[in-house]
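Engineer: following is a predicted model, sequence given first.
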Amino acid sequence: MNRTKLLPVFLFLLLLACQMPNVAGLPFSPTSTPTATLAPTLTVAPTITATATETSAPTITSTPAPLARRVLILSIDGLRPEIISLAPMSNLLALMQNSAYTLSAQTVYPSVTLVSHSSMLTGLCPSKHGVDWNDYIPEKGIAQGVDLFDIAHAAGFQTVMHVGKEKLRQITDPSSLDIFTYVNDRDLVVAKRLIADFPENFGVMFVHFPLVDGMEHAFGWLSSPQLSVAYRADEALGLILAEVDARGLRGETLIIVTADHGGHDTTHGYSLPEDMTIPWIASGAGIQPKVLTTRVHTMDTASTAAFALGLPIPAEWDGVPVYEAFGLPAEKTSAECP
C-alpha cells in the first residue's frame with residue numbers, strides 16, 4: 001500500500017479490532033480469500049504510485065452489528081433516471097419494487113466519471129479525495145483518503161472491482177483489492193466475464209457498465225441508440241442478479257444500483273440538474289422497501305455499504321448511511337459538496 005495510506009490504515013486496523021462487533025453468534029462472518037487468477041484476456045492492475053499529500057489518521061465512528069454479509073455496488077455509467085422507464089429497463093424496474101430508492105439522488109461537481117466514482121467509493125467530496133482529472137493517468141496516483149475497499153479489506157472481506165473503464169483503477173490502492181478486472185467491451189460482455197469467474201466469497205464488489213455513457217457522447221442523451229444500449233445494460237444487470245440468485249446469495253447481499261452522472265445533449269460535467277441527478281436503488285439484506293424522502297448524495301454509497309457490513313465509518317467521510325433505507329431514523333444527512 002502506498003505511503004499516503006499506510007499510517008491511517010494501520011491505525012484503522014487497531015481501532016477496528018477494538019470496535020468490530022463479535023460475529024461469532026451471527027449466521028455469517030467476514031472471511032478472506034486468496035486473490036483470484038484473472039483470465040488471460042483480462043488486464044492485471046499495474047502498480048500505481050500515489051502523489052497525494054499525507055493523509056491524517058481517520059477518526060472512526062462505531063456501528064451496529066452487520067445487516068449484510070456482502071455488498072454489491074453496480075454503477076451504470078451515465079444513467080440519467082428517465083432512461084430507466086424509457087428504455088425500458090425491466091430488470092431494474094422489477095428490482096425497484098423491492099427496494100428503497102430515489103430517482104433524485106445527486107452526484108458531485110464536476111459530474112464526470114472518475115471524479116464522481118471516486119466520491120461514490122471514498123465517501124468524500126472531490127475537495128478531499130483530490131481527483132480532479134477524468135482520464136487514466138497513472139502518474140497522478142490514486143484518490144486520497146481511506147476508501148471503502150481499504151476498510152473492507154482491512155476487516156478481512158474479499159474486495160472486487162470489475163469495470164468497463166480502466167481509469168477507475170485510480171480510485172483505490174491496488175493492495176486493497178483482491179481482484180481487479182478491466183473488460184474493454186459491451187456491458188453484456190462485462191457481465192458475462194464476471195459470471196464466468198464469479199467471486200462467490202466477495203465481501204465488497206463494485207461492477208461498472210460503461211456503454212450508456214458512450215452512446216450519449218455519440219448520439220445524445222435519451223436518443224434511440226442510448227436507450228437501446230440501456231436496454232442491453234438492463235439485460236446485463238439481469239444476468240448478474242440471476243447469478244446471485246443461483247448461488248443463493250441474494251438474502252445476505254445488499255445490492256446498490258446507481259450511476260456516476262447524467263447528462264444533456266451530447267455532454268455532461270456541468271452543474272445542471274440533468275447532469276447532477278442520478279438514481280440510487282438499494283435492495284436486499286436489511287432494506288425496507290420504500291420511496292426515499294431522504295436527500296441522497298453519491299458519497300452516501302460508501303457509508304451505506306460500510307454500515308450494512310458493520311464496519312466503523314471514518315468520521316472524515318462526507319457521506320453518511322442512508323438510514324431511511326433500513327427503516328431507521330436519520331441520525332444526520334450528508335451535505336452538498338463545495
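Structural biologist: The structure has been received and is ready for your questions.
Engineer: which helix runs longest in the protein?
Structural biologist: helix 224-246 (DSSP state H).
Engineer: mean confidence (pLDDT) on that one, please.
Structural biologist: The pLDDT scores in helix 224-246 average 98.
Engineer: just checking, next helix/strand downstream of it?
Structural biologist: Next along the chain after helix 224-246, taking DSSP states H and E as the criterion, comes strand 253-258.
Engineer: for that following strand, which outside residues touch it?
Structural biologist: Strand 253-258 has contacts (CB atoms under 8 Å, 6 or more residues apart in numbering) with 67-76, 79, 92, 95, 105, 120, 237, 241, 244, 278-287, 298, 301, 304-305, 308. No exception for glycine: its C-beta is placed from N, CA and C like everyone else's.
Engineer: and it, C-alpha only, in PDB?
Structural biologist: This file holds the C-alpha atoms of strand 253-258, laid out as PDB (Å, rounded to 0.1, in the frame of the first residue of the first chain):
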ATOM      1  CA  THR A 253     -26.400  -9.300   0.000                       C
ATOM      2  CA  LEU A 254     -27.000  -5.600  -0.100                       C
ATOM      3  CA  ILE A 255     -27.400  -4.600  -3.700                       C
ATOM      4  CA  ILE A 256     -27.000  -0.900  -4.700                       C
ATOM      5  CA  VAL A 257     -27.600   0.200  -8.300                       C
ATOM      6  CA  THR A 258     -26.700   3.700  -9.100                       C
END
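Engineer: contacts for the helix or strand following it, please.
Structural biologist: Downstream of strand 253-258, the next assigned helix or strand under DSSP H and E is helix 273-276. Residues from elsewhere that reach helix 273-276 (CB under 8 Å, 6+ apart): 80, 106-107, 109, 111, 221, 261-264, 268-269.
Engineer: give me the local confidence score for Ala335.
Structural biologist: Confidence for Ala335, expressed as pLDDT, is 85.
Engineer: now it: phi and psi?
Structural biologist: Phi and psi for Ala335, reported as degrees, to the nearest 10, are phi -100, psi 160.
Engineer: do I have it right that Ser90 meets Asp234?
Structural biologist: Yes - Ser90 is within contact range of Asp234, at 6.4 Å (criterion: CB atoms under 8 Å).
Engineer: and the end-to-end length of stretch 125-135?
Structural biologist: 19 Å (CA to CA, to the nearest Å).
Engineer: and it, how far out from the chain's middle?
Structural biologist: In terms of CA atoms, centre = their mean, to the nearest Å, the centre of stretch 125-135 is set 16 Å apart from its chain centre.
Engineer: over to stretch 308-322?
Structural biologist: Mean C-alpha position of stretch 308-322 versus that of the full chain (CA atoms, centre = their mean) differs by 13 Å.
Engineer: go on, stretch 73-92?
Structural biologist: Stretch 73-92 sits 16 Å away from the centroid of its parent chain (CA atoms, centre = their mean).
Engineer: what is the end-to-end distance of that stretch?
Structural biologist: Using CA to CA, first and last residues of stretch 73-92 are 14 Å apart.
Engineer: what do you get for stretch 92-109?
Structural biologist: With CA to CA as the measure, stretch 92-109 spans 26 Å from end to end.
Engineer: buried residues, it. List them.
Structural biologist: Buried residues in stretch 92-109, counted by 16 or more other CB atoms under 10 Å: 92, 95-96, 99-103, 105-109.
Engineer: so which of these sit within strands?
Structural biologist: 99-103, 105-106 (DSSP state E).
Engineer: more neighbours: which of Ser90 and Asp234?
Structural biologist: For Ser90 versus Asp234, the count of surrounding residues by other CB atoms under 10 Å is larger for Asp234: 26 against 14.
Engineer: residues touching the more buried one, list them.
Structural biologist: 87-92.
Engineer: what is the nearest of those to Ile195?
Structural biologist: Within the contacts of Asp234, the smallest distance to Ile195 is 14.6 Å, found for Asn91 (CB to CB).
Engineer: wait, is Ala68 part of a strand?
Structural biologist: No - looking at Ala68 with DSSP: H, G, I helix; E, B strand; the rest coil, it is coil, so not inside a strand.
Engineer: rewinding a little: can you tell me which of the contacts of strand 253-258 are in helices?
Structural biologist: 92, 95, 120, 237, 241, 244, 301, 304-305, 308.
Engineer: those strands in the chain, which residues are they?
Structural biologist: With DSSP E as the criterion, the chain has strands at 60-61, 70-76, 99-106, 158-163, 179-182, 202-209, 253-258, 277-284, 290-291, 313-314.
Engineer: can I get those in a markdown table including distance to Pro225 and mean pLDDT?
Structural biologist: Below are those laid out as a markdown table (distance: least, CB to CB, whole Å; pLDDT from 0 to 100):
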| stretch | distance to Pro225 | mean pLDDT |
| --- | --- | --- |
| strand 60-61 | 45 | 54 |
| strand 70-76 | 16 | 98 |
| strand 99-106 | 22 | 98 |
| strand 158-163 | 22 | 98 |
| strand 179-182 | 24 | 98 |
| strand 202-209 | 16 | 98 |
| strand 253-258 | 22 | 98 |
| strand 277-284 | 20 | 98 |
| strand 290-291 | 30 | 98 |
| strand 313-314 | 41 | 96 |
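Engineer: quick one, which of those is nearest to Gly145?
Structural biologist: Ranking the strands of the chain by proximity to Gly145 (CB to CB) places strand 313-314 first, at 7.7 Å.
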